[in-house]
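1. Below is the sequence, then the predicted model.
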Amino acid sequence: MNKRIIALTLSAIFGAAVNAAPAPVADVSSGGTESRLTTLERLFNNRTEQQHRVQQQLDLLQGEVNELKGSIEKHNYQLERILERQRELYLEIDKRIAAVMTQAPSGGTEASSQDSERDQPSHQTTLNEDQAYDKAVNLILKDKLYDEAIPEFQSFLQNFPNSSYASNAHYWLGQLLFNKQDWTAAASQFETLMNQFPDSSKRADAMLKLGICEQERSNIARAEQLWKKVVAEYPTSSARKLAEIKLNAVK
């Protein structure tokens, strides 16, 4: 009897163990799948976040590249203005030297210069637009032959009135006449540039010097009007500073 009870007890315990065994296996299997899904979801989220950060960095770099391009274009423009201003300063220095030199008698030299000016137009029309403009400019910047440059620019404007260099040619011619204190002729060139070439980079300077020409011709009201126009239309230009100086001087 005791043996039978023991046997039944062992059988019951064994059966319970056998029946209970599958439960842990099912829990482990289910937990592993959820863990893998969680891991995959975390990896996916991490990759998405990394891609988002990379895209932000690319956008930031693109913005910096665009800023650099804009800065380079701005510096190139400023450099062109500096070079133009430097040429004008050289011309002003040479004008002062020439003023001192002309105090001495120079009749023979003037006659020779006039002869050379009369000879120039005979072959001027054989030059193309670029060559004619370069020749006139080089007479100023390289050869320092300012009187000879005047008829060259006059011929250039006559032969190529619609040239892309026309505004510059009017300015150079006006500057040469300005240096000779031919206020009326210089004013005509600056006036033409101011009215016919509103987009010219030399318009502010032309307007400033037109005001000086008017001042020299005792047209003070007109001069003040022009200088005020420079200040209003070109507030960041070097011409504006000079215009303010001229305005303060006439008060």
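-> It's in. On a predicted model such as this, the values are computed, not experimentally measured, just so you know.

2. confidence score at A206?
-> The pLDDT attached to A206 in the predicted structure is 94.

3. list the contacts for it?
-> Listed by CB atoms under 8 Å, 6 or more residues apart in numbering, the contact set of A206 reads 170-171, 174, 189-190, 193-194, 200. All C-beta spots, glycine's among them, are computed from the backbone N, C-alpha and C.

4. for V65, same thing?
-> With contacts defined as CB under 8 Å, 6+ apart, V65 has no neighbours.

5. Roughly how far does it sit from P198?
-> Distance from V65 to P198, counting by CB to CB, to the nearest Å: 33 Å.

6. could you point out which element follows whichever strand or helix holds I140?
-> Per DSSP states H and E: I140 is located in helix 129-141. Once the chain leaves helix 129-141, the next helix or strand it forms, by DSSP H and E, is helix 146-159.

7. helices and strands around that next one, which ones?
-> Helices and strands touching helix 146-159, by 3 or more CB pairs under 8 Å, 6 or more residues apart in numbering; DSSP states H and E, are helix 22-101, helix 107-119, helix 121-124, helix 129-141, helix 166-179.

8. Need phi/psi at R217.
-> Dihedral pair for R217: phi -100, psi 10, per degrees, to the nearest 10.

9. and it, what pLDDT?
-> 94.

10. Could you count how many residues lie near it?
-> 13 (other CB atoms under 10 Å).

11. how many neighbours does S238 have?
-> S238: 15 surrounding residues under other CB under 10 Å.

12. Pull up the gap between it and E244, please.
-> Counting by CB to CB - S238 and E244 are separated by 11 Å.

13. cool, and A185?
-> Distance from A185 to E244, by CB to CB: 27 Å.

14. what angle sits between the host helix or strand of F190 and helix 166-179?
-> Using DSSP H and E, F190 sits in helix 183-196. Per axes from the mean of the first three to the mean of the last three CA atoms, to 10 degrees, the angle that helix 183-196 makes with helix 166-179 is 160 degrees.

15. Could you pull up the mean pLDDT of helix 183-196?
-> According to the model, helix 183-196 has a mean pLDDT of 95.
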